[in-house]
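Chemist: sequence and predicted structure, then a few things I'm wondering about:
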Amino acid sequence: MELDFGIAQGKPLRTLSLAGIDTKFFERNSALITKLLDERFEGEVSKIGLEKFLDALREGEHWLLLIDLDGNLLPFKKQRIASTELLHASLPCQQLLIVENESCQHQLPNLPGTIAILGAGFDLGWTASPNLNSKRIAYWGDIDTWGLKYLSNARVSLPQLTPLMMTQGVYEAHRHSAVKESIIAGTDIPPTLSDDEKNLYRFLLSTECGRLEQEFLSFEYILQQVRLWGEKL
């Protein structure tokens, strides 16, 4: 109960000393802590990550899921790679689809020349790779303040990216699946959002149900929109 949003103030988790815990407490019990905090904060902690929620310095690697939507680009249909390696890797694809959450992996269609990277969340430093400059890139995330913040962060490195299914219209069409966003990404509008995206951000701040998770869009709609983008290759 002593843990709260931003309490680490940029320090490693192991430096937090609350209620007599030792430096190994978070390392040994991070999954349990995440589940308990999810009960208090309506699933927000597992959504954005324990370190991000507590504003703790991340230690170790963050692994992303790569899916070969073409079927002939990678040795495996699915494989994991450390995000730090992506900064220097040259992916054998013409198109890249960046997806905020791994939970959407079964909703993606086959696409020629395309690799999808799932589970990036806030870990977008790898998008600064010069190897991505020549690729067609799309970004698909949740319609909430965090999703729009991540979109803005990705656009800093990838101004050519195309956002998918992150509009006011998509929200309205799926409003019945929207829920309350317990912890917002902040009241300041992320700087690289378009005018329409900024208006959407303001709307999400003002409405009671300001979160529409991407996996709750209709399956048919997701297939249609991803194909509309991907088949323009």
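Modeler: That came through, no problem.
Chemist: run through the bridge partners of Arg136.
Modeler: Counting by DSSP bridges, Arg136 is bridged to Gln95.
Chemist: tally up the residues packed near it, please.
Modeler: Residues contacting Arg136 under the criterion other CB atoms under 10 Å number 18. The C-beta positions use only the backbone N, C-alpha and C, and glycine is treated the same way.
Chemist: can you check Thr114 too?
Modeler: Thr114 has 27 neighbours, counted by other CB under 10 Å.
Chemist: check what pLDDT it gets.
Modeler: pLDDT recorded at Thr114 is 98.
Chemist: hang on, it packs against Gly71?
Modeler: No - with contact defined as CB atoms under 8 Å, Thr114 does not reach Gly71; the gap is 9.9 Å.
Chemist: now the helices for this protein?
Modeler: Per DSSP state H, the chain carries helices over the ranges 25-40, 44-48, 50-54, 83-86, 145-157, 168-173, 195-206, 219-230.
Chemist: any buried residues in the longest one, and which?
Modeler: Neighbour-count burial for helix 25-40, with 16 or more other CB atoms under 10 Å as criterion, is recorded at Phe25, Phe26, Ile33, Leu37, Asp38.
Chemist: now stretch 141-159: mean pLDDT?
Modeler: Here the average pLDDT along stretch 141-159 is 96.
Chemist: buried residues in it?
Modeler: So stretch 141-159, judged by 16+ other CB under 10 Å, has buried residues 141-155, 157-158.
Chemist: could you chop this protein up by domain?
Modeler: 13-54, 63-230 (automatic domain parsing).
Chemist: end to end, how far does the longest one reach?
Modeler: Looking back up the chat, that one is domain 63-230. 25 Å (CA to CA, to the nearest Å).
Chemist: same deal with the shortest one?
Modeler: Distance between the two ends of domain 13-54: 8 Å, counting by CA to CA.
Chemist: could you do stretch 178-194 as well?
Modeler: First residue to last in stretch 178-194 (CA to CA) measures 22 Å.
Chemist: so which bits of it are buried?
Modeler: Ala178, Glu181, Ile183, Ile184, Ala185, Ile189, Pro190, Leu193.
Chemist: what's the answer for stretch 121-139, then?
Modeler: 121-124, 126-127, 129, 132, 135-139.
Chemist: let me know the distance separating the closest residue to Trp140 other than its chain neighbours from Val170.
Modeler: Spatial nearest neighbour of Trp140, excluding adjacent residues (CB to CB, 6 or more residues apart in numbering): Leu164 at 4.2 Å. Leu164 sits 9 Å away from Val170, going by CB to CB, to the nearest Å.
Chemist: who has more neighbours, these two?
Modeler: Leu164 (22 against 18).
Chemist: so what's the more buried one up against?
Modeler: Leu97, Ala138, Tyr139, Trp140, Gln225, Val226, Trp229 (CB atoms under 8 Å, 6 or more residues apart in numbering).
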